[in-house]
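S.K.: Please find the sequence and the predicted model below.
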Amino acid sequence: MLPVIALVGRPNVGKSTLFNQLTRSRDALVADMPGLTRDRKYGHAELHGHRVILIDTGGITGEEEGIDWEMAKQSRLAMQEADLVVFLCDARDGLTPVDEELAQELRQLNKACLLVVNKIDGLNPDIALPEFFAVGLGEPAAIAAAHGRGVSLLGEAMLARLNLEPVAIDDEEGEAAEEAVDPNRPVRMAIVGRPNVGKSTLVNRLLGEDRVVVFDHPGTTRDSIYIDMERRGKKYTLIDTAGVRKRGKVFEAVEKFSVVKTLQAIEDADVVVLLMDASENVTEQDLHLLGYIMEAGRAVVIAANKWDGLDNDQRQLIKDEIDRRLGFADFARLHFISALHGTGVGDLFESVHEAFDCANLSVSTSKMTDLLEQAQREFQAPQVNRRRVKMRYAHLGGHNPFRIVIHGTQVARLPIHYQRYLVNFYRRELKLVGAPIKLELKDSE
Ligand code: GDP
Ligand code: GDP
């Protein structure tokens, strides 16, 4: 399970700024994800070699009414879900009465906490910091989030609070460590989606089919429920975020939707089945979930549920909408299903298997390099600063996500459109369905 870290504090102390600093990925997936980065409240961050889930919160004002009340409620929920609460204050405002109230609340929470004083830029820390010792949460970490100052040290302090050691990432070694996937191990398949799209109905359907053998899984967690099953001689572990449990003869949902739970499930899966509701439009939340899946680099199958009961016009409408808004994930198989009636449900397994196999495909360095040369013959790489970019060789850097590492001169400056071309070229030639591809460009000069 990934550690969960919540950022809390008054509005305007710099929580979103810090969130963005920490979640900004060095080498984002080459994909057009319009609008996905705005208004993000949850994200994956990498702190010195450890992946964590980060929650940004709206802020607590101390005068909780109306929208403030809702914001405070969300913040408190995040605090409950977190393993570590990072409490931000503003060095320019100094310690305020609301800060003190919040500190009091945090001390009572009995959870790992870290006090951070932001906006230290232009101030003398010796003068600005001492008053913050008084809140009784230990030594404050001073940062300037907007300038990235102190953020790396803060990352270490966060890990220390979680009892984790920083891990040095040795790139070359990471590339060499190509873990072989045991073809007989169960495919871990997570069912995710926003509330009411039909997750529990689908899980029930998957478990209820008489060809399915369900095994008891010892040590179910408080989070998702893991169910081992077998279908047509193939093994799966169903990661059920809806929390369907067997109660007597029927399975029923016992838990509410939680983003953290969903993110954990995505992280833990080989293949994620993203369930949507075809009787409604594609929502922001659907897009966000898809964004998280791609960010985590997991293979994905998309299923539009509740296909029953829609007339042809409605069906066309939702198909167009999916094309338009989920175009950035057009490498994933799309199914139209009815979890309620079971229509199309069996076919999901075929796509899950295909995505799993694609994500774990082994390709030799010579084949990867051949393809790189072929791609350049078909469409020459552009010049950068009047010099042609020279791509020398390519190799597979790892699975989940499928990583293509390209070495050469000036390659790090390849324009984004050419990077996309390369990704699409490899996808087509290697017939990679359902698996996101990440491109890594390494200058050898
Ligand atoms: P939030 O409401 O806590 O999420 O705060 P924001 O991240 O939106 O930041 C509030 C304001 O503080 C914005 O105008 C930021 O540009 C500014 N800010 C954030 N971090 C720093 C910093 O390190 N130094 C300074 N001077 N300003 C900052
Ligand atoms: P969850 O919150 O994602 O677990 O969603 P549920 O499985 O609880 O389903 C929410 C509602 O949608 C329930 O009333 C289900 O009966 C209904 N539902 C689920 N799947 C289908 C479907 O394929 N067709 C129709 N018409 N309704 C469905």
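M.R.: That came through, no problem. Ligands and ions are numbered 1, 2, ... in the order given.
S.K.: Quick one: name the residues of the stretch 101-250 of the chain near ligand 1.
M.R.: By CB under 6 Å from any ligand atom, the part of the stretch 101-250 of the chain that sits against ligand 1 consists of 118-119, 121, 144-147. Glycine gets a C-beta too; all of them are placed from N, C-alpha and C.
S.K.: quick one, strands of the stretch 51-200 of the chain?
M.R.: In the stretch 51-200 of the chain, the segments counted as strands under DSSP state E, counting those that start in this stretch are 84-90, 112-118, 141-142, 187-192.
S.K.: what does the stretch 301-445 of the chain give?
M.R.: 333-336, 383-384, 387-388, 390-398, 402-409, 437-443.
S.K.: deepest of these, which one?
M.R.: Most buried of the strands of the stretch 301-445 of the chain, by mean neighbour count (mean count of other CB atoms under 10 Å): strand 402-409, with a mean of 21.
S.K.: what does that strand rub up against?
M.R.: For strand 402-409, the external contacting residues (CB atoms under 8 Å, 6 or more residues apart in numbering) are 175, 297, 358-359, 361, 368, 372, 389-397, 422-423, 426, 432, 435-445.
S.K.: mind redoing it with 7 Å?
M.R.: For strand 402-409, contacts defined as CB atoms under 7 Å, 6 or more residues apart in numbering pick out 175, 359, 368, 372, 389-397, 426, 432, 435, 437-445.
S.K.: Low-confidence ranges, the protein, go.
M.R.: Using pLDDT under 70 as the threshold, the predicted model of the chain has low-confidence ranges 25-40, 64, 66-68, 70-71, 169-181, 183, 209-223, 243-256, 445.
S.K.: Nearest residue to the middle of it?
M.R.: The residue at the geometric middle of the chain, judged as the C-alpha nearest the mean C-alpha position with CA atoms, centre = their mean, is Tyr292 (3.3 Å).
S.K.: can I assume that residue is in contact with Val260?
M.R.: No. In this structure, Tyr292 is not within contact of Val260 by CB atoms under 7 Å, at 11.1 Å.
S.K.: which residues touch Pro3?
M.R.: Per CB under 7 Å, 6+ apart, neighbours of Pro3: 52, 83-84, 162.
S.K.: Quick one: closest of the strands of the stretch 51-200 of the chain to Glu100.
M.R.: Of all the strands of the stretch 51-200 of the chain, the one in closest proximity to Glu100, counting by CB to CB, is strand 84-90 (10.0 Å).
S.K.: separation between the residue of the chain most remote from its centre and Glu100?
M.R.: Taking CA atoms, centre = their mean, the residue of the chain most remote from its mean C-alpha position is Ile127, at 39.8 Å. Computed as CB to CB, to the nearest Å, the Ile127 to Glu100 distance reads 19 Å.
S.K.: go on, Lys431?
M.R.: From Lys431 over to Glu100 the distance is 60 Å, taken as CB to CB.
S.K.: The two: who's more crowded?
M.R.: The neighbour comparison of Lys431 against Glu100 (other CB atoms under 10 Å) goes to Glu100, with 14 against 9.
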